[in-house]
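Participant: 3D, please:
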Amino acid sequence: MDPSPGEVTRLLKAVHDGNSAAAEDLLPLVYAELHRIATAFMRRERSGHTLQPTALINEAYLRMVGDDIEWSNRAHFIGLSAHVMRRVLVDYARQHNAERRAGGLKRVEMEDHLAISPGRLDEVLSLDEVMAKLEANNPRQARVVELRYFGGLSVEEIAQILNVAPRSVKRDWALARIFLFRELNPARPCPTANPIRMPPTSPK
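Facilitator: Predicted structure coming up:
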């Protein structure tokens, strides 16, 4: 049975107040949603990658509960998780590049569970640069991309997290796709539809 939003909010507030036991109690209640988001990230990796959803969840969760964030509710927590997971990937890609320039390892390991495929590192960093441009130009569109493309959330879920109408999410998503395509493919004409691939979504 799904946990009540009130119980998750109570635990989030306890985490903010420094209750370490609350952080342990919270993870099982939000794990399924975090796993769905992490799995959406993994679908964008080539076959044979070594990055596992569980490791990505663990690292992102530790970062979120370790920061001094005054959580509003469950939607706030889930909404931020996609951003934090993307930051985990970017941080490890940068670490790998630094080690590669220094003649070090070819893969970046974390707790023997997490490694980013070398063939995807440049893509991770390039897309992050474009996302930074989009965020500077239109923060809400950037959040929609983060939640939809990276997190695999539905339009309705994003609308709830951002507290806007679903039609606003659809409009932001369409405009953001055009922006991303033009930035990533400057020499190619922008298609009239689906400038970037829509994320696979599960039936609701």
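Participant: Spatially central, which residue of the protein would that be?
Facilitator: Ala82 (2.5 Å; CA atoms, centre = their mean).
Participant: Where do the strands of this structure begin and end?
Facilitator: For the chain, the strands defined by DSSP state E cover 109-110, 114-115.
Participant: any weak-confidence spans in this structure?
Facilitator: Scanning the chain with the threshold set as pLDDT under 70 gives 1-3, 5, 42-51, 97, 99-123, 151, 189-204.
Participant: Could you count how many residues lie near Ser154?
Facilitator: 16 (other CB atoms under 10 Å). (Each C-beta comes from the backbone N, C-alpha and C, glycine too.)
Participant: Oh, that last question was meant for Asp68, not what I typed.
Facilitator: If we define neighbours as other CB under 10 Å, then Asp68 has 6 of them.
Participant: ok now do it, which residues does it touch?
Facilitator: His16 (CB atoms under 8 Å, 6 or more residues apart in numbering).
Participant: And it, its phi and psi?
Facilitator: phi -90, psi 80 (degrees, to the nearest 10).
Participant: which residues in this structure form helices?
Facilitator: For the chain, the helices defined by DSSP state H cover 5-16, 20-42, 53-66, 74-101, 118-137, 139-145, 155-162, 166-184.
Participant: so of the ones you listed, which one's packed in deepest?
Facilitator: helix 139-145 (a mean of 21; mean count of other CB atoms under 10 Å).
Participant: which strands and helices sit next to it?
Facilitator: Secondary-structure packing of helix 139-145 (3 or more CB pairs under 8 Å, 6 or more residues apart in numbering; DSSP states H and E): helix 118-137, helix 155-162, helix 166-184.
Participant: what comes into contact with that helix?
Facilitator: Under CB under 8 Å, 6+ apart, the answer for helix 139-145 is 79, 83, 131, 134-135, 158, 162, 164, 169, 172-173, 175-177, 179-180.
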